[in-house]
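1. make a model of this:
(2 chains)
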Number of protein chains: 2
Amino acid sequence: VNTLLAIDWGTTNRRTWRVEDGAVVAAERDAMGVTAVQDFAGEVAAIRARLGNLPVLMAGMVGSTLGWRDAGYLPTPAGLDELAAGLVRLDARTAIVPGVSTDPADVMRGEEVQFMGALALGLAPPDALMIQPGTHSKWATLRGGRLTGFATAMTGELFALLRTHGILARQLGGAVTPGPAFLEGVAEGRRRDLSASLFTIRASRLLDRDRARDSASYASGLLIGCEIAARLESAPDGDIHVLADPGLGGLYLCALDAHGRRAHLVDSQTAFVAGITEIARRWS
Amino acid sequence: VNTLLAIDWGTTNRRTWRVEDGAVVAAERDAMGVTAVQDFAGEVAAIRARLGNLPVLMAGMVGSTLGWRDAGYLPTPAGLDELAAGLVRLDARTAIVPGVSTDPADVMRGEEVQFMGALALGLAPPDALMIQPGTHSKWATLRGGRLTGFATAMTGELFALLRTHGILARQLGGAVTPGPAFLEGVAEGRRRDLSASLFTIRASRLLDRDRARDSASYASGLLIGCEIAARLESAPDGDIHVLADPGLGGLYLCALDAHGRRAHLVDSQTAFVAGITEIARRWS
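-> The predicted model follows:
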């Protein structure tokens, strides 16, 4: 299949592309994530009516127990061939890409398509360390073009919890920028002493020492710095590929640079389209 | 002053004791923490009407900017003499114990009285490592009977956030007990990889590997284990004194034992009364 509708169908958002011979000719983005949808077949029929009556290949939470059909998890190692062979078919021209699981217990669903896409685009080598940062950051090791292992850090979720609830919430409302406060947080994060480092944000305020400090950026740097310090322990050298939008990706590039690591930003949507196009080529 | 009313006046709770020559002869406990009180003078007059028209010595959040009067922070090193000399007097027979601050930026308010009380009771030596676990766990180093430094880990608050909000909340509702799952969490905590270790709780559920696992105890062990592993890095040997109630104190004793450290439980309320009685003896 070379011409298709590709859907990155997540929990709260959905992105759809019409792909013809590897090129995007139309795109949509909306808030119809799986938690907002009851009638998945009806939604896909409506997408075909808008974008063309083509094969539909989906990935992400649409293949979870909250989505249209549980597409399961393939074990690592897994690459394009395994993902294509593991497609869960809803009918002859509608299918969902499975997720991937590994040991120690970890799962991904949707990110595997992006990792494969970064390889397909030649933006990362077949042996690579890749990050997909976010609410649940995925750190993936690839060997010979296949996912061989990965770990998830719930860094973004912890930051959101701290920003919304609890004693630090009032101090963390500002925008996060990769400046001096962020880098100070990254440096503190190397100590991997998260629950104590977080409290210094509160104590600095009580002691009136935080007047010049950008606490939101410091806290973000601290959380990302802890995540990076722990993950790099088992990956002491080599370039790192970060699949993200420029905002969050820029923070990770800045923090990785502070750790002395060369990192490259890969646009995560471009990677998704490339990955699902490669899986579709193997779908018969 | 040997006969007084002592008040441990916190954010949400208040405990009051009538102390005569070091012995408790009456006690009250209620939910009139500082956030529930507008008229502090009226509250103290009512306490005197109930328990006796005696000198009143208070500690805890009553001395914060949220309380009756900001009693400030004394710098470390600080012991009984410094705390008594630093009392903030509201009138000739009503005073608040100041908090203590240290570098790197950290603060305590109320715990200092308990640490001094454990020493006064002979339940800990003048050179000691003491913990007051809780929402914000205090790890204090004492030398020659004075507080010389401390660090706060917001372990209890992180656990409460995770239990109440976010993706793990549904898995963490059960009771926490110091059994096998708790110890498994403590062992994982040694890796000091909190945001990734937490995600394994979610992944284990999705992969159906957590049927026998007590996730609340595991998560508590993980958080406490990370806290202990980080703090013990700079305190590699020696006994540890834990000031707590038997429930939370029992979890810390269990986790410290797993780290090969001998720990002793000191009842935190008994320690408070002993500490404030010693400060009152120096109050003239």
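2. contacts, neighbours, all on C-alpha from now
-> Fine.
3. contacts only, for the residue lying closest to A:Gly60 once chain neighbours are set aside.
-> Nearest non-adjacent residue to A:Gly60, counting by Cα to Cα, 6 or more residues apart in numbering or on different chains: A:Gly110, 4.0 Å away. By Cα atoms under 8 Å, 6 or more residues apart in numbering or on different chains, A:Gly110 lies in contact with A:8, A:59-61, A:97, A:99.
4. and the residues you listed, which are buried?
-> Restricting those to buried positions leaves A:8, A:59-61, A:97, A:99, with burial counted as 16 or more other Cα atoms under 10 Å in any protein chain shown.
5. how about the residues of chain A by chain B?
-> A:104-107, A:151-155, A:157-158, A:161-162, A:165-166, A:192-200, A:203-204, A:206-207, A:226-227, A:230 (Cα under 8 Å from any Cα of the partner chain).
6. quick one: pLDDT of A:Ala212?
-> pLDDT recorded at A:Ala212 is 60.
7. I meant A:Met154, not that one.
-> A:Met154 carries a pLDDT value of 97.
8. over to A:Pro77?
-> 98.
9. residues contacting it?
-> If a contact means Cα under 8 Å, 6+ apart, then A:Pro77 has A:146-149 as its contacts.
10. returning to that earlier point: dump the buried ones among the contacts of A:Gly110 into JSON lines; add pLDDT and distance to B:Leu256 as well.
-> Listed next are those as JSON lines, based on pLDDT from 0 to 100; distance: Cα to Cα, whole Å:
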{"residue": "A:Asp8", "pLDDT": "97", "distance to B:Leu256": "46"}
{"residue": "A:Ala59", "pLDDT": "98", "distance to B:Leu256": "45"}
{"residue": "A:Gly60", "pLDDT": "97", "distance to B:Leu256": "42"}
{"residue": "A:Met61", "pLDDT": "96", "distance to B:Leu256": "41"}
{"residue": "A:Val97", "pLDDT": "98", "distance to B:Leu256": "46"}
{"residue": "A:Gly99", "pLDDT": "98", "distance to B:Leu256": "39"}
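11. hang on, the earlier thing: now rank the contacts of A:Pro77 by neighbours and give me the top one.
-> Taking other Cα atoms under 10 Å in any protein chain shown as the neighbour criterion, A:Leu147 ranks highest of the contacts of A:Pro77 with 25 neighbours.
12. can I take it that that residue is in a strand?
-> Yes: using DSSP: H, G, I helix; E, B strand; the rest coil, the assignment for A:Leu147 is a strand.
13. that one pairs with what?
-> On the basis of DSSP bridges, A:Leu147 takes part in beta bridges with A:Ala78, A:Leu142.
14. isn't it up against A:Gly79?
-> Yes: assessed by Cα atoms under 8 Å, A:Leu147 is found in contact with A:Gly79 at 6.1 Å.
15. identify the residues contacting the host helix or strand of A:Arg29?
-> Using DSSP states H and E, A:Arg29 falls within strand A:23-30. Under the contact criterion Cα under 8 Å, 6+ apart, strand A:23-30 has outside partners A:13-19, A:51.
16. any chance of TSV for those residues, columns neighbour count?
-> Formatted as TSV, the contacts of strand A:23-30 follow (neighbours: other Cα atoms under 10 Å in any protein chain shown):
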residue	neighbour count
A:Asn13	16
A:Arg14	19
A:Arg15	18
A:Thr16	21
A:Trp17	20
A:Arg18	23
A:Val19	21
A:Leu51	18
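17. now, which of those lie within strands?
-> A:14-19 (DSSP state E).
18. what's A:Met58 in contact with, if anything?
-> Counting by Cα under 8 Å, 6+ apart, A:Met58 touches A:6-9, A:95-97.
19. in strands only, show me the residues you listed.
-> Assigned to strands by DSSP E, the following of the contacts of A:Met58 qualify: A:6-9, A:95-96.
20. just the buried ones from these, in ChimeraX syntax?
-> To isolate the buried ones among the ones in strands among the contacts of A:Met58 in ChimeraX, judged by 16+ other Cα under 10 Å, type:
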select /A:6,7,8,9,95,96
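21. mind putting the ones in strands among the contacts of A:Met58 into TSV with distance to A:Gly275?
-> Shown next, in TSV, are the ones in strands among the contacts of A:Met58 (distance: Cα to Cα, whole Å):
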residue	distance to A:Gly275
A:Ala6	10
A:Ile7	12
A:Asp8	11
A:Trp9	14
A:Ala95	15
A:Ile96	13
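22. can you give me the helices in the stretch 1-150 of chain A?
-> Listed in chain order, the helices of the stretch 1-150 of chain A (DSSP state H, counting those that start in this stretch) span A:40-51, A:80-85, A:111-120.
23. any idea which of those helices is most buried?
-> Between the helices of the stretch 1-150 of chain A, helix A:111-120 has the highest mean count of neighbours, a mean of 26, where neighbours are mean count of other Cα atoms under 10 Å in any protein chain shown.
24. packing partners for that helix?
-> helix A:268-281 (3 or more Cα pairs under 8 Å, 6 or more residues apart in numbering or on different chains; DSSP states H and E).
25. mind listing what's buried in the helix it packs on?
-> Across helix A:268-281, burial judged by 16+ other Cα under 10 Å covers A:268-280.
26. residues of stretch A:164-184 that come out buried?
-> A:164, A:168, A:171-172, A:176-178, A:181-184.
27. actually stretch A:127-146, not the one I wrote
-> Buried residues in stretch A:127-146, defined by neighbour count with 16+ other Cα under 10 Å: A:128-134, A:136-143, A:145-146.
28. between the two ends of that stretch, how far is it?
-> One end of stretch A:127-146 to the other measures 8 Å (Cα to Cα, to the nearest Å).
29. check the offset of that stretch from the chain's centre.
-> Distance of stretch A:127-146 from the chain centroid (Cα atoms, centre = their mean, to the nearest Å) equals 9 Å.
30. what does stretch A:198-211 give?
-> Relative to its chain's centre, stretch A:198-211 lies at 32 Å (Cα atoms, centre = their mean).
31. what sits up against that stretch?
-> With Cα under 8 Å, 6+ apart, stretch A:198-211 has contacts from A:167-168, A:215, A:219, A:222, B:104-107, B:152-154.
32. would you list the buried entries among those?
-> For the contacts of stretch A:198-211, buried by 16+ other Cα under 10 Å: A:168, A:215, A:219, A:222, B:105-107, B:152-154.
33. now, which of those sits nearest B:Ala36?
-> Checking the buried ones among the contacts of stretch A:198-211 against B:Ala36 by Cα to Cα gives A:Leu168 as the nearest, at 21.1 Å.
34. how much space separates the closest one from chain B?
-> From A:Leu168 across to chain B, the span is 10 Å (Cα to the nearest Cα, to the nearest Å).
35. skipping its backbone neighbours, what lies nearest A:Ala216 in space?
-> Per Cα to Cα, 6+ apart, closest to A:Ala216 is A:Leu172, 4.2 Å.
36. so the one you found touches A:His165, yeah?
-> No: here A:Leu172 lies out of contact with A:His165, judged by Cα under 8 Å, at a distance of 10.2 Å.
37. turn the buried residues of helix A:268-281 into TSV, including pLDDT and distance to A:Ala235.
-> Putting the buried residues of helix A:268-281 into TSV (pLDDT from 0 to 100; distance: Cα to Cα, whole Å) gives the following:
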residue	pLDDT	distance to A:Ala235
A:Ser268	94	22
A:Gln269	94	26
A:Thr270	95	26
A:Ala271	97	23
A:Phe272	97	25
A:Val273	97	28
A:Ala274	97	27
A:Gly275	98	25
A:Ile276	97	28
A:Thr277	97	30
A:Glu278	97	28
A:Ile279	98	29
A:Ala280	97	32
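38. got the contact list for the closest residue to A:Ala153 other than its chain neighbours?
-> Leaving aside its chain neighbours, A:Ala153 sits nearest to B:Ala196 (3.8 Å; criterion: Cα to Cα, 6+ apart). Shown in contact with B:Ala196 (Cα under 8 Å, 6+ apart): A:151-154, A:227.
39. same check, this time on A:Leu87
-> Here A:Leu87 is in contact with A:71, A:95-98 (Cα under 8 Å, 6+ apart).
40. measure it to A:Gly99 for me?
-> A:Leu87 is 10 Å from A:Gly99, by Cα to Cα.
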